[in-house]
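1. no sequence on this one, just coordinates:
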């Protein structure tokens, strides 16, 4: 297998990577592994019991895996709705024990997968789960590992980026990273994003596939200082 065509993408929740950078990774990589971190959830727009949400969200990923050849690995951690964490990153306390746990699990998966490319979320929407997913890569063993791999930081929740929402540290990204935009096929993007019926209304799907027309990511040099994106 040619590792240059293998990518591991970190997704805070089950839909984040596909929504944010799904077209780019599908079009450009032969082997795609998406690590979903916070996969135990009660958050949904559907009228279903809380204990059904995790199963429903997994079934959405399973459908995408079968039909689009994207491979998903779940870490099985509880999201903010179960941890009782506030949504404001600037006030929410960082759980260092959880951060190290996430970092260690990702480290082991990357060692096993041996990709040549790793993409992580920029935490643009200031959500605690996204922020923890980003900061996990500042933990020394994982940080040292990815310094040897082609490394990218993708813009999760593009509507924040296109709306010029403030995110401390992204001036640093723009200064030291190279910003790329990838124009996607809106019909294809709508088809795959619409699988996430438990999370996305018709209005949100329209926003993600028509109002927004590009996916964004930065490529960064080896040894890029992840903590520069922290608060």
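-> That came through, no problem. Keep in mind that what you see is a predicted model, and the values were worked out from it rather than measured.
2. in this structure, which ranges drop under the pLDDT threshold?
-> Along the chain, segments meeting pLDDT under 70 span 1-4, 88-91, 125, 157-172, 222-231.
3. tell me the contacts of residue 198?
-> Contacts of residue 198 were listed using CB atoms under 8 Å, 6 or more residues apart in numbering, and they are 44, 45, 46, 48, 53, 56, 57, 60. From N, CA and C alone the C-beta is placed, and that goes for glycine too.
4. now those residues in a markdown table, with distance to residue 210 and secondary structure?
-> Output for those, formatted as a markdown table (distance: CB to CB, whole Å; DSSP: H, G, I helix; E, B strand; the rest coil):
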| residue | distance to residue 210 | secondary structure |
| --- | --- | --- |
| 44 | 23 | coil |
| 45 | 19 | coil |
| 46 | 23 | coil |
| 48 | 28 | coil |
| 53 | 27 | helix |
| 56 | 25 | helix |
| 57 | 24 | helix |
| 60 | 21 | helix |
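5. Any chance of a PyMOL selection covering the buried ones in those residues?
-> Selection of the buried residues among those in PyMOL, burial being defined by 16 or more other CB atoms under 10 Å:
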select buried, resi 44+53+56+57+60
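6. ok, of the contacts of residue 198, which one's closest to residue 107?
-> residue 57 (24.9 Å; CB to CB).
7. and that closest one, what does it touch?
-> When contacts are taken as CB under 8 Å, 6+ apart, residue 57 is in contact with 14, 15, 39, 41, 44, 198, 199.
8. Could you single out the nearest of the contacts of residue 198 to residue 111?
-> When those are compared against residue 111 (criterion: CB to CB), the nearest one is residue 57, at 27.0 Å.
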